[in-house]
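In: With the input below, show me the fold.
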Amino acid sequence: MITLRVEQVGHSYGMWRVFENVSFSVEHGAVLACTGRNGSGKSTLLRIIAGLLIPRSGVVTFTCNGSTSSYPEWRRRNSGYSAPGFALYDELTVEELIAFHSDCRGIDRASVASLLEESGFAKYAAVRVGALSSGMVQRLKLILAFAGEPAMVILDEPSTNLDQHGIEMLQRWVARAQQHAIIVIATNMMTELPWCTHYFDIEARMFSHAESNVRARADHE
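Out: Model (predicted):
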């Protein structure tokens, strides 16, 4: 069983309180959309979930591989992460970056090779990361996030700079990873929301199942 539990989490930067009292839980197979206006704290919440940022209050607990822990390192070790501010090493080639990432995380490079082929990236193995277009950099970030089939995949605005083919590829990868993981997506994109099974509105601090939202919209109409 894989579970993610967020309990009474809050964060602030100096005197600016980003959010407080955020609580929800999801299990294996969930695709959770974190929604809200720009500046509402979606990216901050995803960084906390990923174990990259310590919240000012509350606790995040993650269960996978038969163990439960609230330590950030546990989530970092068992998660894949992609975000607009997640910088890659421009001076490395694609092949070198993949090798470095795989070795650091203990991922079998063969599992990454299949993602490279599926994304059409294999032919860019010798190209420096700094020479890639913004769309190709985004695809590379997604490859690194999904590599090794992590128990949780955390994606901040994953469709950024992707063309239609890239969005369709992302949708396939989310659906496939959903079979063995929890997926958390920060998004307001209408192309991404239909993929999700649960929603969390960070401004209203409202958690709901996708079917509940469908019924609510139908009643409103």
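
In: Show me the residue at the heart of this protein, geometrically.
Out: To find the centre residue of the chain, average its C-alpha atoms and take the closest one (Cα atoms, centre = their mean): that gives I154, at 1.6 Å.

In: Name the surrounding residues that touch whichever strand or helix holds that residue.
Out: Here I154, judged by DSSP states H and E, is contained in strand 152-156. Taking Cβ atoms under 8 Å, 6 or more residues apart in numbering as the criterion, the residues outside strand 152-156 that touch it are 2, 4, 42-43, 46, 49-50, 62, 64, 75, 78-84, 86, 142, 145-146, 174, 177, 181-186. Yep, even glycine has a C-beta here, placed from its N, CA and C like the rest.

In: same deal with stretch 16-31?
Out: Contacts of stretch 16-31 (Cβ under 8 Å, 6+ apart): 1-12, 32, 40-41, 44-45, 57-58, 174, 178-185, 195-198, 200, 202, 205, 207.

In: Which among the residues you listed count as buried?
Out: Of all these considered here, the ones buried according to neighbour count by 16 or more other Cβ atoms under 10 Å are 2, 4-6, 9-11, 32, 40-41, 44-45, 58, 174, 178, 181-185, 195-196, 198, 200, 202, 207.

In: Identify those among the residues you listed that sit within strands.
Out: In this view, the buried ones among the contacts of stretch 16-31 that belong to strands under DSSP state E are 4-6, 9-11, 32, 58, 182-185, 198, 200, 207.
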